[in-house]
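> Predicted model follows, preceded by the sequence.
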Amino acid sequence: VLLQASGGGLVQPGGSLRLSCAASGSIASINAMGWYRPAPGKQRELVAIISKDGTTNYSDSVKGRFTISRDNAKNTVYLQMNSPKPEDTAVYYCNADIIVFVTGRRNYWGQGTQVTVSS
């Protein structure tokens, strides 16, 4: 199973950017999918997470600006970043709780995609 993240880049403050992360491989089903980024004193902090049924949760720092969504048919999770701020600059990592055929349930990380917010 692989998680492939894409969509990062340079965006101006107040602009918009959409990240995507697609899971591929011998996938039976996917539970929660989420986005994380490094934070001071932590390895990674949760940015946003979405359950299989579409329930979402956001960090306070992005609530109201970022939107997480998923397409279960495509095994893909998205992060729509609206009105980003310079402090949102980070490498964004996608994460998924996946049930794999034969081997069972396991947590996977994508390779990360750089987002730089700057004018």
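Sure, I can see it.
> start to end distance for stretch 50-57?
7 Å (C-alpha to C-alpha, to the nearest Å).
> Pull out the buried residues from it.
residue 50 (16 or more other C-beta atoms under 10 Å). The way it works is simple: take the backbone N, C-alpha and C, and place the C-beta from them, glycine included.
> Residues in contact with stretch 40-59: which ones?
29-39, 62, 66-70, 72, 77, 79, 92-93 (C-beta atoms under 8 Å, 6 or more residues apart in numbering).
> give me that answer again for 6 Å
Here stretch 40-59 makes contact (C-beta atoms under 6 Å, 6 or more residues apart in numbering) with 31-39, 62, 66, 68, 70.
> show me the contacts for the spatially most central residue of the chain.
Against the mean C-alpha coordinate of the chain, by C-alpha atoms, centre = their mean, the closest residue is residue 35 at 2.7 Å. Counting by C-beta under 6 Å, 6+ apart, residue 35 touches 47-48, 79, 92, 94.
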